[in-house]
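> need a structure here:
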Amino acid sequence: MIHAGRRKYAQTMEALATAIGMPLGTFRNTKPFEREGHPAPISSPGARVFLWDSQQTKAYWNGKDVPELPDVDDDKDLLDRHEAAAELGVAPASWNKYKHDPRLSKHIVLVPEKTGTEHVPRGAVREFKESRPGRGAGGGRREGSGDMIPRDEILPRIAELLDAEPTITVKTVAEALGIAEFPTAQAGLAQLRGRRIADLVEATPHLTPKQAAEDLRYPTPTHRGAVAHAENELRSRQARPYVQQMADALGEAGVAEPVQVEVRQLAGGSLAAAVPLAPTQDAPALVWDERYGWRTANSRRHPIGKDTGVAPEGDGIRYLCGSRTPEPADLLEALGDRRRGSMRPKA
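Numbers count the residues shown, from 1 in each chain. Reported below is the predicted structural model:
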């Protein structure tokens with residue numbers, strides 16, 4: 001979060017890289033912000049765009065003592081999407097609906113201004129929470145009506161249980177956390193087991209995902225779902241460096257916002273990722289789809305869109321390069337030349 005009165009010190013990854021004289025791509029690849037003693041980001045762990053406090057980073061890079069930030073909550077603290085959702089007691093996806101309420105939307109600000117991520121004062125979220133209809137102060141769902149912990153906390157809590165007991169059951173997880181067995185606990189366990197299988201396969205390449213599942217002592221009935229998640233995770237990890245390289249190049253050229261790219265698996269099994277573009281660009285975002293390569297998107301909020309099994313078409317969609325994995329220079333040239341590209345991907 002951005003502490004009360006410290007909005008002017010909010011620093012993006014691009015600004016931090018510039019401040020220490022390092023190209024953004026090098027900064028992202030070498031991750032100097034992970035060095036021991038480096039100030040932690042002030043953005044939430046789930047944020048796609050990292051922010052730091054520039055007074056802290058300046059002190060660190062000048063070899064001085066890093067000043068402490070306030071350790072108390074203030075109504076003027078600025079919360080990002082994940083933090084606002086947690087304050088309200090809902091999932092981040094639910095926050096996307098609530099934020100359009102005039103009682104909240106009028107308080108939303110962008111950090112940095114114009115091109116940044118949405119933040120809202122803690123006080124505005126608290127006032128909205130108190131005014132929500134329901135049973136008692138704060139309203140919302142009745143006890144027992146669904147998952148009893150914020151959705152963005154579910155996976156970390158399941159991970160703690162899984163790490164303590166690899167053979168833990170869906171029922172035990174559901175009872176321990178007060179969440180639904182199906183699909184919440186089941187899906188969470190399968191996803192986390194898949195990630196850990198992928199970690200082990202990467203560290204020990206001679207293992208198959210199934211062998212890794214056995215080495216991790218996961219129950220045999222869980223292998224099929226966990227291995228499927230692991231295979232998807234491994235594919236995503238293989239694709240991520242290329243997409244991140246392209247996103248960094250777009251950011252350094254000033255045509256895109258610097259982001260940590262998330263590679264998603266679509267309903268049909270294909271991989272895709274989105275890169276939000278700067279306001280100066282004609283399109284709100286670019287999308288990379290392993291089937292079709294790079295294209296522009298006509299929506300910033302849902303750039304990838306629903307997977308229908310066919311290539312997306314329509315106003316604002318332009319397929320930019322013949323190659324599915326072009327070089328950064330080729331993509332930048334195609335993006336800047338409206339005469340290039342096509343309404344449909346090349347076969």
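> domains for the chain, by residue range?
1-140, 151-218, 240-336 (automatic domain parsing).
> quick one: the helices in the stretch 1-150 of the chain?
13-19, 24-30, 54-61, 81-88, 92-98, 102-105, 122-131 (DSSP state H, counting those that start in this stretch).
> ranking those by burial, who's on top?
helix 81-88 (a mean of 23; mean count of other CB atoms under 10 Å). Where you see a C-beta, it was placed from the backbone N, CA and C, and this is true even at glycine.
> so it versus helix 122-131, what angle?
40 degrees (axes from the mean of the first three to the mean of the last three CA atoms, to 10 degrees).
> who does helix 81-88 touch, helix- and strand-wise?
helix 92-98, strand 117-121, helix 122-131, helix 151-164 (3 or more CB pairs under 8 Å, 6 or more residues apart in numbering; DSSP states H and E).
> dump those to CSV, plus mean pLDDT.
Shown next, in CSV, are these (pLDDT from 0 to 100):
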stretch, mean pLDDT
helix 92-98, 76
strand 117-121, 92
helix 122-131, 90
helix 151-164, 85
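> quick one: closest of the domains of the chain to residue 231.
domain 151-218 (6.0 Å; CB to CB).
> straight-line length of the closest one, end to end?
Taking CA to CA, to the nearest Å as the measure, domain 151-218 stretches 24 Å from start to finish.
> and residue 24, what's its pLDDT?
In this prediction, residue 24 carries a pLDDT score of 88.
> ok, it to residue 30 distance?
From residue 24 across to residue 30, the span is 11 Å (CB to CB, to the nearest Å).
> and for residue 336?
29 Å.
> centroid-nearest residue for this structure?
residue 48 (4.2 Å; CA atoms, centre = their mean).
> next secondary structure after the longest helix anywhere in the chain?
Identified as the longest helix of the chain according to DSSP state H is helix 223-252. Sequence order places strand 264-265 as the next helix or strand after helix 223-252, per DSSP states H and E.
> pairing partners for that next one, with directions?
In the sheet, strand 264-265 lines up against strand 271-276 (antiparallel) (DSSP bridges).
> how far off centre is the partner strand?
11 Å (CA atoms, centre = their mean, to the nearest Å).
> residue 108: neighbour count?
The tally of other residues near residue 108 (other CB atoms under 10 Å) stands at 15.
> how about the contacts made by it?
99, 118, 119, 120 (CB atoms under 8 Å, 6 or more residues apart in numbering).
> give the bridge partners for residue 342, please.
residue 319.
> that one reaches residue 321, doesn't it?
No: counting by CB atoms under 8 Å, residue 342 stays clear of residue 321, with 10.0 Å between them.
> more neighbours, the two?
Per other CB under 10 Å, whichever of residue 342 and residue 321 has more neighbours is residue 321, with 20 against 12.
> the more buried one should be in a strand, yeah?
No: under DSSP: H, G, I helix; E, B strand; the rest coil, residue 321 falls outside any strand and is assigned coil.
> quick one: it and residue 257, what's the gap?
21 Å.
> isn't residue 22 up against residue 32?
Yes: using CB under 8 Å, residue 22 is in contact with residue 32, at 7.4 Å.
> what helix or strand does residue 303 sit in?
Counting by DSSP H and E, residue 303 is part of no helix or strand.
> give the contact list for it.
274, 276, 284, 285, 286, 287, 297.
> might you report the residue contacts of the fourth one?
Read that as residue 285. 274, 275, 276, 277, 296, 297, 299, 300, 303.
> pLDDT below threshold where in the stretch 1-150 of the chain?
Along the stretch 1-150 of the chain, segments meeting pLDDT under 70 span 132-148.
> list the contacts of residue 65.
residue 59.
> ok, now how distant is it from residue 55?
For residue 65, the distance to residue 55 - CB to CB - is 11 Å.
> for residue 341, same thing?
44 Å.
> may I see the buried residues of stretch 267-284?
271, 272, 273, 274, 275, 276, 277, 281, 283, 284 (16 or more other CB atoms under 10 Å).
> same thing with stretch 61-73?
For stretch 61-73, a neighbour-count test (16+ other CB under 10 Å) marks 66, 69 as buried.
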